[in-house]
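Student: below: sequence and its predicted model.
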Amino acid sequence: MEAAEVPHRIRERVRERLLSAGVERAVVAPASDRAGPAWVNPLPARFDRKVYCDAADAVLEGKFACFSMGQTRIGFPPAWNRDPKTGVLAPSSLGRSLNYRDQRLVGNIKYLWEPNRHLELVTLAQAWHLSRKESYARGFRTLLLSWVEQCPYPYGPNWASSLELGIRLLNWSFAWHLFGGEKSPLFDGEDGQDFKACWLSSVFRHCDFIARFPSLYSSANNHRLGEQLGLLLATATWPKWPEALAWGDQAHDSFEHEALLQNAGDGVNREQGIWYHHEVVDMMLVAGLVMRACGRDFSRLYWERLEAMLTFVASVMDCGGNVPAFGDSDDAVMVRLSPDKDVSVYESQLATGAVLFRRSDFKMKARLFDDKSRWLLGDSAESEFAALPAVVLHTPPRQAFPDGGYFILGTEFESSREVRVVADAGSLGYLNIAAHGHADALSFTLSVGGNEVLIDPGTYAYHTDTVWRDYFRGTAAHNTVRVDQLDQSVSGGNFMWMRHARARCEHFDGTGPLQLLVASHDGYTRLTDPVVHRRHLTFDRVSRLLKVEDMIEANGRHHLEMFWHVSERCSVHLRDRYAVLESSVARVILRWPDGARCRLGYGEESPPLGWVSRRFDSKVQSCALVVTCESSGRWSGVSEFQIEMLKDVTNDS
């Protein structure tokens, strides 16, 4: 914690006491009839109506999406303060003082919060917009009124985190416009006016709460962006109070400042987590579209940074649409505009970016113009997408991201013979606590022909399951070297790192027939006998041989482990001196350093090894190869990956 953060935390505690005593509470001002425009005009309508009505009907049956539980019946209306996974009912004490990390108190807070973000309310609004069925409007009113009744300001878990309020405001804003805005039939008659007053009063309290309790210092990561996004959209949608002007100006400036601060100039989100990269892209897309509609556009630099972020996504995505699962992921979305669970969030963003930035390469990677892009950009955007010229790519849009620390090697990109290596020589994460970073310095992923071979196993757990949380973000869960069975960085809790491994790229050349990345990190210099790990990645485009030379600089003896995590969709055959990794399109022969020993781990639990988590709170068994040896003083060892395409695969580039 920074020195400046200490008085901030003290002031927060004082404010919480005053809030508990009824002093620092929002005094709701009378609302004017002023209204802001929707993010796009006219609102799109060319959708398969049945898809959205079916999704809305499921909501009316009390079915909500709950991570690994899938679409689960939690009631209509649900018990908003109950965790649907554990059944724990959270107390109705002051939200700001509630320890939402205590599973005994609130259950699994991720599951409790997810329905309270009100993504399902947008589903009802979409279905009403497309069908005008009164049942969806009635269901919407029932859910919103029940939420206000069960979650009175400022009590309970849904008044604990300003980020949750920001996301709720975002979804309320979309729903407001989809139901027709100020002139919505929702507000017809005396009951409708009462409903409108109730909703607007809660909007005001949400805005006031975020303004009073913003995330600052060590928590000023994506949380701050989400809070400011909610405040920005609320004041743009409902400019109904004198306070709204000041809140909106502050949120506008703060959001752009944080967007430029939290995303490096090369387009990599500084939290070093690809899912959070996606979430921040969505935040910036929505904020940018709304501000343009309001005539308060962000700067040219803002839009350039957003385009760079999409370029990064396009660069790390293989020809099969796979994106490495670097860093934390919780599967959360800001607003669920498409009910299709199988649509790639990354391809969808590239489809939107193709239209916004006139990028044919984004169009090629996106493949199609999806529903979410239509909701964001309008019906006419599909013809703009179709008009972009077709392109054939032979290299990624970009191979080096030096600020973010990611580098791409490979050959025959965007073809059925593609080899794509995405290597990580970046920082642990953002700010002092690096909350969502993993101890993965010098790790890399490998895909061949659009099929993953070496993977990043993902995240699995957040606030609960400490053993699994530690494993999935630890060094042993990544394709790198672990020294003396210690993580590269020192953990201080589920969302905190006390000591950061500092990685740096020493040389990169991604051109020519022989590509080279040289990188190192200092995570093990904290040992009594300091250790520096340096890795050379060399890829021969002609022979399709990837050489990984690991060098250890030390004085004494150390126990080394090289981990290779294989996709659960590949088979692994272990031989005396090599291993065969085989996907549906390629065979990779792994040879490890002389004198080393190799064993195969699969679904081990104590300690964990051989797992992959494709979804939050869900994991399946996979193969992990562990190559071990002892080093003394300066040591180097070479691992080789010989890549062979299977005979039935031809070059289509």
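Tutor: Happy to help now that I have it.
Student: return the worst-scoring helix or strand of the chain on mean pLDDT as PDB; C-alpha atoms alone will do.
Tutor: Lowest on mean pLDDT, DSSP states H and E among the helices and strands of the chain sits helix 5-20, with a mean of 78. Extracted C-alpha coordinates of helix 5-20, given in PDB (Å, rounded to 0.1, in the frame of the first residue of the first chain):
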ATOM      1  CA  GLU A   5      -3.300   5.400   0.300                       C
ATOM      2  CA  VAL A   6      -3.300   5.300   4.100                       C
ATOM      3  CA  PRO A   7      -5.100   8.600   4.700                       C
ATOM      4  CA  HIS A   8      -7.500   7.700   1.900                       C
ATOM      5  CA  ARG A   9      -8.400   4.400   3.600                       C
ATOM      6  CA  ILE A  10      -8.900   6.200   6.900                       C
ATOM      7  CA  ARG A  11     -11.200   8.800   5.300                       C
ATOM      8  CA  GLU A  12     -13.200   5.900   3.700                       C
ATOM      9  CA  ARG A  13     -13.600   4.300   7.200                       C
ATOM     10  CA  VAL A  14     -14.800   7.600   8.600                       C
ATOM     11  CA  ARG A  15     -17.300   8.000   5.700                       C
ATOM     12  CA  GLU A  16     -18.600   4.500   6.300                       C
ATOM     13  CA  ARG A  17     -19.300   5.300   9.900                       C
ATOM     14  CA  LEU A  18     -21.100   8.500   8.900                       C
ATOM     15  CA  LEU A  19     -23.000   6.500   6.300                       C
ATOM     16  CA  SER A  20     -24.000   4.000   8.900                       C
END
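Student: point out where this structure drops to low pLDDT.
Tutor: Within the chain, the segments meeting pLDDT under 70 span 1-4, 648-653.
Student: closest to the centroid, which residue in it?
Tutor: By CA atoms, centre = their mean, the mean C-alpha position of the chain lies nearest to Trp275, the distance being 2.2 Å.
Student: ok so, going back, show me which positions of the least confident helix or strand of the chain end up buried.
Tutor: Glu16, Leu19, Ser20 (16 or more other CB atoms under 10 Å). Where C-beta positions appear, they are placed from N, C-alpha and C, glycine not excepted.
Student: how about the helix or strand following it: buried residues?
Tutor: Following helix 5-20 in sequence order, the next helix or strand is helix 49-60 (DSSP states H and E). For helix 49-60, the neighbour count (16+ other CB under 10 Å) marks Val51, Tyr52, Cys53, Ala55, Ala56, Asp57, Ala58, Val59, Leu60 as buried.
Student: take these and lay them out in CSV including distance to Gly405.
Tutor: What follows is the buried residues of helix 49-60, written out as CSV (distance: CB to CB, whole Å):
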residue, distance to Gly405
Val51, 40
Tyr52, 41
Cys53, 46
Ala55, 40
Ala56, 43
Asp57, 47
Ala58, 42
Val59, 42
Leu60, 47
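Student: what residues go with each domain of this structure?
Tutor: With domains defined by automatic domain parsing, the chain comprises 263-385, 400-645.
Student: so what's the gap between the shortest one and the chain middle?
Tutor: Mean-position distance between domain 263-385 and its chain equals 12 Å (CA atoms, centre = their mean, to the nearest Å).
Student: quick one: end-to-end distance for that domain.
Tutor: 27 Å (CA to CA, to the nearest Å).
Student: the helix or strand hosting Asp282 - contacts with which helices or strands?
Tutor: Assigned by DSSP H and E, Asp282 belongs to helix 274-293. Packed against helix 274-293, as judged by 3 or more CB pairs under 8 Å, 6 or more residues apart in numbering; DSSP states H and E, are the following elements: helix 222-237, helix 242-262, helix 300-316, helix 345-357, helix 371-377.
Student: export stretch 340-352 to PDB, keeping only CA atoms.
Tutor: Presented in PDB, the C-alpha positions along stretch 340-352 are these (Å, rounded to 0.1, in the frame of the first residue of the first chain):
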ATOM      1  CA  ASP A 340     -25.600 -16.800 -28.200                       C
ATOM      2  CA  LYS A 341     -23.200 -18.500 -25.700                       C
ATOM      3  CA  ASP A 342     -21.000 -19.900 -28.500                       C
ATOM      4  CA  VAL A 343     -20.000 -16.500 -30.100                       C
ATOM      5  CA  SER A 344     -16.400 -15.600 -29.500                       C
ATOM      6  CA  VAL A 345     -16.200 -12.300 -27.500                       C
ATOM      7  CA  TYR A 346     -12.900 -11.500 -29.300                       C
ATOM      8  CA  GLU A 347     -14.200 -12.100 -32.800                       C
ATOM      9  CA  SER A 348     -17.200 -10.000 -32.000                       C
ATOM     10  CA  GLN A 349     -15.100  -7.100 -30.900                       C
ATOM     11  CA  LEU A 350     -13.100  -7.400 -34.100                       C
ATOM     12  CA  ALA A 351     -16.300  -7.300 -36.100                       C
ATOM     13  CA  THR A 352     -17.200  -4.000 -34.400                       C
END
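Student: thanks a lot, catch you later.
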